[in-house]
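Enquirer: let me see the structure of the following:
(2 chains)
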Amino acid sequence: MQPVEQRDEVEMLSLMLLIRRFEERASQQYQAQKVGGFCHLYIGQEAVVTGAIAAVRPDDYVITAYRDHGHALARGTSADACMAELFGKETGCSRGLGGSMHFFDKRHHMYGGHAIVAAHVPLGVGLAFAIKYRGEDRVTLCFFGDGAINQGSFHEALNLAALYRLPIIFICENNLFAMGTSVKRSTSLKQIVDRAEGYDIPGEIVDGMNFREVRDKVAEVAQSIRKESHPAFLEVRTYRYRGHSMSDPASYRTKDELEKYRLDDPIIRLRAQLTREGKLTNEQFDQLDKRAKQTVLDAVKFAEESPELPVEKLYDYVYFNGAKS
Amino acid sequence: MREITYRQALNEALAEELERDPNVFLMGEEVAEYQGAYKVSAGLLQRFGPRRIIDTPISENGFAGLGIGAAMVGLRPIIEFMTFSFSLVAFDQVVNNAPNMFMMSGGQFNIPITFRGPNGPAHQLGATHSHATENFYASVPGLKVCTPATPRDAKGLLKTAIRDDNPVLVLEAELLYSSKGMVEPPDEELLIPLGKAEVKREGSDVTVVCYAQTVPIALKVAAQLEEEDISAEIVDLRSIKPLDEKAVFDSVAKTHRVVIVEQDHPYCGVGAEICYRIQKDIFDELDAPILRVSQEDVPMPYNEHLEHAVLPNAEKLIATVRRVCYA
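Expert: Reported below is the predicted structural model:
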């Protein structure tokens, strides 16, 4: 992977399209009952993870909450492995044992996919602890939603990261709602970023609908951390177009509000920027979109045709006995 | 062999494993500068430095989770809970993150972590500080739980736990930290496998299954019963999970009578599981119903004589053994 400033923005736009098309298809397959359990879609928030990943190295650590499909795809997990995971198949990124909320990919340094709100924030701090313990110059990106910031484990984790000066960027994807409860009704602060100040962690607000702004801010912070280890906090303001999960009609917000954000769509925005600068034609964009749609269709086919883990293997994933499969 | 305390044995185990593997570190409240709330980590900060012996704020969920995250990338954390009563604040990490990770990542991430510290009622600490947590944790798939009762077992089991590639809880016995016992010299490697019980005293009339703080009670009772011509075989489980059911069955096949003396509560307690397995697998070997001695099913009172009434003790055990022997 190339250094930040040279990462091709067209490639990143194409990644955002892949995430969008993947989620649309996941939604459809969920309704067709091919996908079980809970399914939380990332549509609308694509610029957050794409911008952040574009700004770091492939060997940096990434950990996130349960709205994790975009994070795995952005990290490099194939659409095939992601869709197969949703289908519960052995070829899934967690062998069909994790499901939508528990995507893992060791090879791409994707440390999950965690479904208890904020319980993974201490884990992210542990990843960062290991980096410092070993004297490495990696950075941990720890994503979570606005719903996580009132949970005890979040506060404990921030305090520990600040106390031990660990190399971690806490990225709060503020999509304004924790399930159906708006930030205004859940959080005593006017702005979430002020949580960081309470732990003496530098924090900033970032426009999460703007790929370039997210990328540049994460790059700047990561560079500072690599120079001298410390935690940082970014409140990235974004919006999810769909409900909290597939069963949520999102009646707690207005159509007007949704439309307002749709006009600020991160994909349309980056496309417009690139078009204006002569880096992308309409035909090229259509090609990219067509390719994303095809990749996802192929992934559905792959998932459908993949085998499931046989029941005889049920006990193979309880204790590690040294023979990792 | 030389005689050392249970506390010293644990300290030696920690030091030897810290020495052996640079990925091992010890983290918890008061483990470094204070030298350990129970002095188990005495001298380790001076020997291994602050990078590897790490004090934390009072933040059990946070540092338990930190350990699990570090274990995901190959470090081997030893997380000390000042007591396992405080591990309940970190229950989500110990129960939901550590043991689930291997399954839910499809086998990509095992968690080589040791959670250790004193467990079980001590003396007049009241309801919040007296939890025996072995039955909660043993019911969780993916966790291993051991409960050493002697200095030798404490050292050997802790060393094995640290080398295990899975989350292991070493539930130390708070009341036994100063107890003494014979242990191999430090230059002799002492590893005791998890899931291996030990017959602490041979006998022929009745099997007493025990672990942790109930082992010295059982041994004392066995000596007393000898005077009544009742020969008790004392089986120390040492590990609650995995459970050495063979050792229990072998003893029961010899004595045909069983008393289980456990330090937890009776409802869904460790003894309930053992009872079930005995009647399922070797029902025909039994000459009497299996009886259990456990805590009373109440939150722990502070008052000393009420606390005594709640806990398993020698008098209760003797009376129960006599009942299964129809003596």
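
Enquirer: could you check how far the residue nearest to residue A:285 when sequence neighbours are not counted is from residue A:284?
Expert: Leaving aside its sequence neighbours, residue A:285 sits nearest to residue A:271 (Cβ to Cβ, 6 or more residues apart in numbering or on different chains; 5.8 Å). Where you see a C-beta, it was placed from the backbone N, CA and C, and this is true even at glycine. Noted for residue A:271: a distance of 10 Å to residue A:284, by Cβ to Cβ, to the nearest Å.

Enquirer: could you give the backbone dihedrals for residue A:170?
Expert: Here is the backbone geometry of residue A:170 (degrees, to the nearest 10): phi -80, psi 120.

Enquirer: surely it touches residue A:142?
Expert: Yes: with contact defined as Cβ atoms under 8 Å, residue A:170 and residue A:142 form a contacting pair (5.4 Å).

Enquirer: what helix or strand is residue 292 located in?
Expert: You didn't say which chain, so I picked chain A. In this structure, residue A:292 is located in helix A:282-305 according to DSSP states H and E.

Enquirer: that's the wrong chain, I wanted chain B
Expert: Element membership of residue B:292 [criterion: DSSP H and E] is strand B:291-293.

Enquirer: near chain A, which residues of the stretch 101-250 of chain B?
Expert: By Cβ under 8 Å from any Cβ of the partner chain, the residues of the stretch 101-250 of chain B that approach chain A are B:101-110, B:141-142, B:144, B:165-166.

Enquirer: can you do 7 Å?
Expert: Counting by Cβ under 7 Å from any Cβ of the partner chain, the stretch 101-250 of chain B comes close to chain A at B:102-110, B:141-142, B:165-166.

Enquirer: just flag the most distant two among those residues.
Expert: B:108 and B:141 (17.8 Å; Cβ to Cβ).

Enquirer: so for those two, which sits in the more crowded spot?
Expert: residue B:108 (23 against 12; other Cβ atoms under 10 Å in any protein chain shown).

Enquirer: pretty sure the more buried one sits against residue A:107.
Expert: No: the pair residue B:108 / residue A:107 is not scored as a contact, 8.6 Å apart, by Cβ atoms under 7 Å.

Enquirer: so what touches the helix holding residue A:292?
Expert: With contacts defined as Cβ atoms under 7 Å, 6 or more residues apart in numbering or on different chains, helix A:282-305 is touched by A:13-14, A:17-18, A:21-22, A:25, A:29, A:79-80, A:83-84, A:86-87, A:89, A:271.

Enquirer: figure out how far it is from the centre of its chain.
Expert: When C-alpha coordinates are averaged (Cα atoms, centre = their mean, to the nearest Å), helix A:282-305 and its chain have centres 20 Å apart.

Enquirer: got it, and stretch A:111-129?
Expert: Distance of stretch A:111-129 from the chain centroid (Cα atoms, centre = their mean) equals 13 Å.

Enquirer: which one's more surrounded, residue A:271 and residue A:284?
Expert: Legend: neighbour count by other Cβ under 10 Å for residue A:271 and residue A:284, higher for residue A:271 (21 against 16).

Enquirer: what residues are up against the more buried one?
Expert: Contact analysis of residue A:271 by Cβ under 7 Å, 6+ apart lists A:13, A:280, A:285.

Enquirer: 10 Å instead?
Expert: Contact analysis of residue A:271 by Cβ atoms under 10 Å, 6 or more residues apart in numbering or on different chains lists A:10, A:13, A:16-17, A:265, A:280, A:282, A:284-285, A:288-289.

Enquirer: I figured residue A:51 hits residue A:222, correct?
Expert: No: under the criterion of Cβ atoms under 10 Å, residue A:51 lies out of contact with residue A:222, with a separation of 11.9 Å.

Enquirer: circling back to that earlier point, name every strand pairing with the strand holding residue B:292 and say which way it goes.
Expert: strand B:258-261 (parallel) (DSSP bridges).

Enquirer: list the buried ones in the helix or strand following the partner strand?
Expert: Following strand B:258-261 in sequence order, the next helix or strand is helix B:270-282 (DSSP H and E). Under the neighbour-count criterion of 16 or more other Cβ atoms under 10 Å in any protein chain shown, helix B:270-282 has B:270-275, B:278, B:282 buried.

Enquirer: one more: stretch A:283-302?
Expert: A:284-285, A:288-289, A:292-293, A:295-296, A:299-300, A:302.

Enquirer: please save the CA atoms from it in CSV.
Expert: Below are the C-alpha coordinates for stretch A:283-302, written out as CSV (Å, rounded to 0.1, in the frame of the first residue of the first chain):
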residue,chain,number,x,y,z
GLU,A,283,-18.0,7.3,-17.6
GLN,A,284,-15.2,6.3,-15.2
PHE,A,285,-17.6,6.7,-12.2
ASP,A,286,-20.2,4.6,-13.8
GLN,A,287,-17.5,2.0,-14.5
LEU,A,288,-16.5,2.0,-10.9
ASP,A,289,-20.0,1.6,-9.7
LYS,A,290,-20.7,-1.2,-12.1
ARG,A,291,-17.6,-3.0,-10.9
ALA,A,292,-18.6,-2.6,-7.2
LYS,A,293,-22.1,-3.9,-8.0
GLN,A,294,-20.6,-6.9,-9.8
THR,A,295,-18.1,-7.7,-7.0
VAL,A,296,-21.0,-7.8,-4.6
LEU,A,297,-23.2,-9.9,-6.8
ASP,A,298,-20.3,-12.3,-7.2
ALA,A,299,-19.9,-12.3,-3.4
VAL,A,300,-23.5,-13.4,-3.0
LYS,A,301,-23.0,-16.2,-5.4
PHE,A,302,-19.8,-17.2,-3.6
